[in-house]
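Student: What would the 3D arrangement of this be:
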Amino acid sequence: MITKNSTRTEVKALAKNIHMSPFKARRVIDQIRGRSYEETLMILELMPYRAAFSILKLVYSAAANANNLGLNEADSFISQAEVNGGTVLKRLRPRARGRSYRIKRPTCHIKIVLKDKSKKSLEESKI
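Tutor: Next comes the predicted model:
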């Protein structure tokens, strides 16, 4: 989704039903919120968490959306990054004496918004 304003342009990317806990994904998202695109890539590539790979793919997708609009992704930063809980998959695991044990597998929705911070928009915001 692409939104054009008079001074800035923002590009959104949304991933739904990612098979991980929203708490684990928020741990990674909190580290990249407000950072530049290039700095975000370095942080996500070096993070040891499994959630970092899914978020890295989503940041690449948002950058591709910006490239389709004709923006330079090197001049953009992450203005919004949020994680919301998705549906919970309920599964059964067999236990002793023919009983079953419920397992809850959480999912989450991740949204990333990139904004352009080019020289023109910075000069206009100072005036």
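
Student: Please name the nearest non-neighbouring residue to Phe77.
Tutor: Spatial nearest neighbour of Phe77, chain neighbours left out: Ser36 (4.8 Å); criterion: CB to CB, 6 or more residues apart in numbering. C-betas here are computed from N, CA, C, even on glycine.

Student: Revised request: answer the last question for Gly86.
Tutor: Thr107 (3.6 Å).

Student: Strand partners (parallel or antiparallel) of the helix or strand hosting the one you found?
Tutor: Element membership for Thr107, per DSSP states H and E: strand 100-116. According to DSSP bridges, strand 100-116 forms sheet pairs with strand 9-18 (antiparallel), strand 76-94 (antiparallel).

Student: Restricting to C-alpha, output the first one in PDB.
Tutor: C-alpha atoms of strand 9-18 as PDB (Å, rounded to 0.1, in the frame of the first residue of the first chain):
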ATOM      1  CA  THR A   9       5.800   9.600   0.900                       C
ATOM      2  CA  GLU A  10       5.200   6.500   3.000                       C
ATOM      3  CA  VAL A  11       5.200   2.900   1.900                       C
ATOM      4  CA  LYS A  12       3.600   0.100   3.900                       C
ATOM      5  CA  ALA A  13       4.200  -3.700   4.000                       C
ATOM      6  CA  LEU A  14       2.000  -6.100   5.900                       C
ATOM      7  CA  ALA A  15       2.600  -9.800   6.800                       C
ATOM      8  CA  LYS A  16      -0.300 -11.800   8.200                       C
ATOM      9  CA  ASN A  17      -0.400 -15.100  10.100                       C
ATOM     10  CA  ILE A  18       3.300 -15.400  10.700                       C
END
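
Student: List the buried residues in it.
Tutor: Thr9, Glu10, Val11, Ala13, Ala15, Ile18 (16 or more other CB atoms under 10 Å).

Student: Tell me what the third one is bridged to.
Tutor: Going back to what we said before, that points to Val11. Ile2, Leu114.
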